[in-house]
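Engineer: need a structure here:
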Amino acid sequence: MNVLTIKNNCNNEIVIKKSKFITYLYKVNCIEEIKDILYETKKEFKDATHICYAYILDDIYKSNDDNEPSGTAGMPMLDTLLKNNLNKVLAITIRYFGGIKLGTGGLVRAYSKGAKECLKKTDIIEVIDNIKIIVTFDIDKLKLANLLLKDCKIISQVFGDKITFEVLLSKKEKDKVIETLIQNDFKIEM
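Structural biologist: Reported below is the predicted structural model:
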């Protein structure tokens with residue numbers, strides 16, 4: 001089965017019995033990024049009644065109800081992510097209580113609906129895991145290196161006695177690119 005994620009971050013707002021539920025979905029790559037997003041969200045929405053979240057990051061699954069009744073907020077969002085086979089996604093729902101209690105079933109439906117409606121606002125795409133390689137070569141091969149790596153993501157370039165490029169390759173293109181570089185006498189490290 002292919003691993004899926006969202007193409008773009010998105011948000012959605014629904015109102016149920018005067019309570020406002022603002023849901024955000026973020027494409028994430030590491031725990032530090034999740035912590036930063038949660039910190040900024042709590043800072044921005046400090047007047048919210050609840051800020052609940054769920055995420056899936058590779059083999060890490062987590063949900064938080066932020067003082068809503070246990071299992072009524074974070075778990076329904078996590079369940080939505082799981083049912084859509086998503087990975088590398090953080091769902092956050094900010095709730096402003098409207099004065100009418102929804103009950104546990106109503107909360108589960110509200111938090112699920114927020115995440116489902118938000119998913120409708122973005123495309124679901126396949127996760128492409130990248131591999132970083134380091135390519136080292138002499139200055140006279142710079143033009144050739146740029147030509148061979150034109151469709152790759154070059155994340156850094158260091159110019160010295162030798163030139164070093166750090167390059168991200170998808171697993172699909174890795175073998176072909178590396179083979180071409182080696183045939184042209186480039187030094188490759190993985």
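Engineer: which intervals of the protein have sub-threshold pLDDT?
Structural biologist: Low-confidence segments of the chain, defined by pLDDT under 70: 1-2, 129.
Engineer: domain-wise, how is it divided?
Structural biologist: Domain assignment for the chain, taken from automatic domain parsing, gives 4-126, 130-189.
Engineer: next, format these as TSV and append mean neighbour count.
Structural biologist: C-beta: built from backbone N, CA, C; applies to glycine. As requested, these are arranged in TSV below (neighbours: other Cβ atoms under 10 Å):
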stretch	mean neighbour count
domain 4-126	17
domain 130-189	14
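Engineer: what are the phi and psi angles of Tyr111?
Structural biologist: When read as degrees, to the nearest 10, the backbone of Tyr111 gives phi -70, psi -40.
Engineer: again, but for Asn9
Structural biologist: According to degrees, to the nearest 10, Asn9 has phi -70, psi 150.
Engineer: next one: it from Asn184, what distance?
Structural biologist: 39 Å (Cβ to Cβ, to the nearest Å).
Engineer: same question, Lys7
Structural biologist: Taking Cβ to Cβ, one finds Lys7 at 34 Å from Asn184.
Engineer: kindly report the same for Lys176.
Structural biologist: Relative to Asn184, Lys176 is positioned 13 Å away (criterion: Cβ to Cβ).
Engineer: and the helices in this structure?
Structural biologist: In the chain, the helices defined using DSSP state H lie at 31-44, 74-83, 103-119, 142-148, 171-183.
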